[in-house]
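J.: Whatever this is, show me its structure:
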Amino acid sequence: MNRPVSIVPVKNTAQAADWVKQIAEIERLVQPQDAWDEQSVTKLLHQDINHGWVVITEEKLEDNGFSKQTSPQATPQTVTVAYCLVSTVFETAEILRIGTHPDFQRRGYAQSLIEQLIAQMPDKGLDSILLEVRADNEGAIRLYQKMGFEVIHTRKGYYTSSKPSGETERCDALIMQYTRA
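T.: Numbers count the residues shown, from 1 in each chain. Take a look at the predicted model:
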């Protein structure tokens, strides 16, 4: 990470609407065939078992169509660059979505979000964290393994995507788990 960053919980505040909008924008960029829209993210965050965090930074973005943070707490250069949406049921948290704007990937933002969740495990009474990742997302898998996640199940052919030729291809989903020591 090059500039100061903050990890901020997404709450029912004036800023939440801005953050939800930017989460949806990042979703469209990193998961175009399966992106969650603003309405889906808002609905999710209104349920008590679900939580979200965003990473905001003061690093300037080029004029690439990505909107800047407009909350009262933000400076003119502050932008949302990553997010994590989590659901907690009893002693298990599940990372539902995690993403980093393409211009800011490989800078440790996703790792910081996961570290934030892991650090909160004792206080929240959590024993484990689950997540699902495409088997062809090698960078994400390496990150999760480095952080102590292990593959516990494979969903064969779970994801579909379209090739430029119009053909459909399938990809497995890996279910990974982090268990608190």
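
J.: Can you name the residues in contact with stretch 32-46?
T.: Counting by Cβ atoms under 8 Å, 6 or more residues apart in numbering, the neighbours of stretch 32-46 from elsewhere in the structure are 10, 12, 16-17, 20-21, 23-24, 27-28, 50-52, 85, 87, 96-97, 159, 161-162. C-betas here are computed from N, CA, C, even on glycine.

J.: Output the below-cut-off pLDDT ranges for the protein.
T.: 1-4, 12-13, 59-77 (pLDDT under 70).

J.: Could you measure from Ile95 over to Tyr144?
T.: 9 Å (Cβ to Cβ, to the nearest Å).

J.: and for those two, which residues touch both?
T.: The contact sets of Ile95 and Tyr144 overlap at Ile114, Leu131 (Cβ under 8 Å, 6+ apart).

J.: Comparing these two, which residue is more hemmed in?
T.: In this comparison of Ile95 against Tyr144, neighbours counted by other Cβ atoms under 10 Å, the higher total goes to Tyr144 at 25 against 22.

J.: residues contacting that one?
T.: For Tyr144, the residues meeting the contact criterion (Cβ under 8 Å, 6+ apart) are Ile114, Leu131, Val133, Met176, Tyr178.

J.: for Cys84, which residues make a bridge with it?
T.: Each beta-bridge partner of Cys84 is listed here, defined by DSSP bridges: Trp53, Ile98.

J.: which of the contacts of stretch 32-46 are buried?
T.: 10, 16, 20-21, 23-24, 27, 50-52, 85, 96-97, 159 (16 or more other Cβ atoms under 10 Å).

J.: tell me the centre residue of this protein?
T.: Among the residues of the chain, Ile98 comes closest to the average C-alpha position under Cα atoms, centre = their mean, at 1.4 Å.

J.: picking that back up, can you tell me which of the buried ones among the contacts of stretch 32-46 are in helices?
T.: Within the buried ones among the contacts of stretch 32-46, residues falling in helices by DSSP state H are Ala16, Val20, Lys21, Ile23, Ala24, Glu27.

J.: burial measure for the residue lying closest to the fourth one once chain neighbours are set aside, as a count.
T.: Yep, that's Ile23 we're talking about. Distances taken as Cβ to Cβ, 6 or more residues apart in numbering place Tyr83 nearest to Ile23, at 4.6 Å, with adjacent residues excluded. Tyr83: 27 surrounding residues under other Cβ under 10 Å.

J.: so the residue in the chain sticking out farthest from the centre is in which element?
T.: Of all residues in the chain, the one whose C-alpha sits farthest from the chain's mean C-alpha position, using Cα atoms, centre = their mean, is Ser165 at 29.9 Å. Here Ser165, judged by DSSP states H and E, is contained in no helix and no strand.

J.: Show the contacting residues for the nearest residue to Thr100 once chain neighbours are set aside.
T.: With Cβ to Cβ, 6+ apart as the criterion, Thr100 has its nearest non-adjacent residue at 4.2 Å, and that residue is Ala82. Each residue near Ala82 by Cβ under 8 Å, 6+ apart is listed here: Ile26, Val54, Val55, Ile98, Gly99, Thr100, His101, Phe104, Tyr109, Ala110, Ser112, Leu113.
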